[in-house]
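>>> have a look at this fold, sequence not included:
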């Protein structure tokens, strides 16, 4: 029998805040966390803005040995995992420890560790690097350190599907709890690509905006990168209920699809199949959905395709639902983005507040949906979706319900 | 090699054609160059001439750089090379 899956803990660090409450307050206020990038060699970039995490003093939080092993994406993950696990109230020992795992998403893993060490050997001409470069940069480092810190001995791994990494990861965690393979799962994702090499690589594609991220707005100029982590505790419903845990919302379904078409251009059909698949998996009618947290990157290719896919999947109801992109505020966290965006879904279900799409200036006839422009809105919604459509045509959509 | 010949050579290589098959009124679409191919060609041209081309793949038609056909591209590049001095 299928188990019900609920979220009992959430944690984050991103450009909007160092906690869930700070982040949700910022989203409610429609605050923009995007600003001038600060790191070595930023003057050699043509894209100089991003949603950077500020005032994060890793040295104070982690000791010297830990710092030698934790790339920034791991630091973000551990920081957010502490908040999520603390909120859940779970202590992992005995059987719970062996039936709880960690599935996280990241696209790049330890990008700044690659960057720093390439600089050291290529630019500075050094012939020796720190002995922990490999365990520090590997994509599964964050998941492994969470498992070690919190004694999680169940199924753990890292998913890497570019911009859909977190949604794919959370879908796996959901599936594990739903099928009874795990009692609880720590899941979500993180990314930290805001360093010279990380941004330089993105510049090459010429899809980055120099001034702002304006999803669905006719005058959009492209995407803006962010960084950070979003971590959640997914728990089997009866287990959570029995211990009187505070339940943030229920995860009720998901679907994945592949465009099988182009390495960068999205496909309406692929996106629509993931959306419809999530509705079917969660046994929903289109009319049940009140809000969609959009992938909404602020590129013409994504925004037009995504709106067309939503219109196709929802028919008449597409004009009734709200759809917003919080990337306008925290930037695109690439492999961590779906996790931070899930917070907006929780806010919609639990608090009845829909996060806005800020920076919205001009309607685009090809994105003629209610994109909740510029100001948050109070609204009661029972069911929400979270979209993620990755480079490589790999799509993952999650469905959540108020509880 | 003139600027025109160099640009045509780059575009021809991207399109997997002979330079003689690339005419001034050819459009990138008619040569079978898609959005990724275009970004790659622009990169190759920037490298060849050591210039920076103001092109945003997000909304090509909104860019300051005209890519409507091969002649327009060559003209734009000649201007950028001249400005470089």
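Thanks, I have it. The model shown is predicted, which means the values in this text are computed figures rather than measured ones.

>>> quick check: residues of chain B near chain A?
B:35, B:36, B:39, B:42, B:43, B:52, B:55, B:56, B:57, B:58, B:59 (C-beta under 8 Å from any C-beta of the partner chain). (Each C-beta comes from the backbone N, C-alpha and C, glycine too.)

>>> highest neighbour count among those?
Within those, most neighbours by other C-beta atoms under 10 Å in any protein chain shown means residue B:58, with 24 neighbours.

>>> that one reaches residue A:224, doesn't it?
No - using C-beta atoms under 8 Å, residue B:58 is not in contact with residue A:224, being 11.7 Å away.

>>> who touches both of those two?
Among the neighbours of residue B:58, those also in contact with residue A:224 (C-beta atoms under 8 Å, 6 or more residues apart in numbering or on different chains) are residue A:209.

>>> burial measure for the closest residue to chain B within the stretch 1-150 of chain A, as a count.
In the stretch 1-150 of chain A, no residue comes nearer to chain B than residue A:46, which is 7.7 Å away by C-beta to the nearest C-beta. Each residue near residue A:46 was counted by other C-beta under 10 Å, and the total is 12.

>>> tell me who's in contact with it.
So residue A:46 contacts A:203, A:210, B:52 (C-beta under 8 Å, 6+ apart).

>>> in strands only, show me these.
Using DSSP state E, no member of the contacts of residue A:46 sits in strands.

>>> now, which of those residues sits nearest residue A:191?
Of all the contacts of residue A:46, residue A:191 sits closest to residue A:203, with 17.0 Å by C-beta to C-beta.

>>> I'd like the distance between the closest residue to the closest one other than its chain neighbours and residue A:144.
Leaving aside its sequence neighbours, residue A:203 sits nearest to residue A:47 (C-beta to C-beta, 6 or more residues apart in numbering or on different chains; 5.3 Å). For residue A:47, the distance to residue A:144 equals 32 Å [C-beta to C-beta, to the nearest Å].

>>> and what of residue B:79?
In terms of C-beta to C-beta, residue B:79 sits 54 Å off from residue A:144.

>>> tell me which of those two has more neighbours.
Between residue B:79 and residue A:144, counted using other C-beta under 10 Å, residue A:144 has the larger neighbour count: 19 against 12.

>>> element containing the more buried one, please.
helix A:141-150 (DSSP states H and E).

>>> packing partners for the helix or strand that that helix is followed by?
Downstream of helix A:141-150, the first helix or strand assigned by DSSP H and E is strand A:157-159. Under the contact definition 3 or more C-beta pairs under 8 Å, 6 or more residues apart in numbering or on different chains; DSSP states H and E, strand A:157-159 sits against strand A:100-105, helix A:141-150, helix A:165-178.

>>> may I see the buried residues of strand A:157-159?
For strand A:157-159, the neighbour count (16 or more other C-beta atoms under 10 Å in any protein chain shown) marks A:158, A:159 as buried.

>>> with stretch A:59-75 instead?
For stretch A:59-75, by 16+ other C-beta under 10 Å, it's A:62, A:66, A:70, A:71, A:72, A:73, A:74, A:75.

>>> what's the closest non-adjacent residue to the most centrally placed residue in chain B?
Taking C-alpha atoms, centre = their mean as the criterion, residue B:73 is the residue nearest the geometric centre of chain B, at 4.8 Å. Among residues not flanking residue B:73 along the chain, residue B:67 sits closest, at 5.7 Å (C-beta to C-beta, 6+ apart).

>>> residue A:40 now?
residue A:196 (6.2 Å).

>>> my guess is the one you found meets residue A:38, correct?
No - using C-beta under 8 Å, residue A:196 makes no contact with residue A:38, being 11.5 Å away.

>>> more neighbours: the two, which one.
Per other C-beta under 10 Å, whichever of residue A:196 and residue A:38 has more neighbours is residue A:196, with 20 against 11.

>>> what's downstream of the worst-scoring helix or strand of chain B on mean pLDDT, the next helix or strand?
Lowest on mean pLDDT, DSSP states H and E among the helices and strands of chain B sits helix B:35-49, with a mean of 92. Per DSSP H and E, helix B:35-49 leads on to helix B:70-84 as the next helix or strand towards the C-terminus.

>>> packing partners for that following helix?
Counting by 3+ C-beta pairs under 8 Å, 6+ apart, helix B:70-84 packs on helix B:3-15, helix B:35-49.

>>> longest helix anywhere in chain A?
If you go by DSSP state H, chain A has its longest helix at helix A:72-88.

>>> beyond it, next helix or strand please.
Counting by DSSP H and E, what follows helix A:72-88 is helix A:94-98.

>>> now do the same contact list for the residue nearest to the centre of chain B.
B:7, B:11, B:66, B:67.

>>> could you look up the SS state of the residue nearest to residue A:223 when sequence neighbours are not counted?
Closest residue to residue A:223 apart from its sequence neighbours, by C-beta to C-beta, 6+ apart: residue A:297 at 4.6 Å. The three-state label for residue A:297, taken from DSSP: H, G, I helix; E, B strand; the rest coil, comes out as coil.

>>> brilliant, that's me finished.
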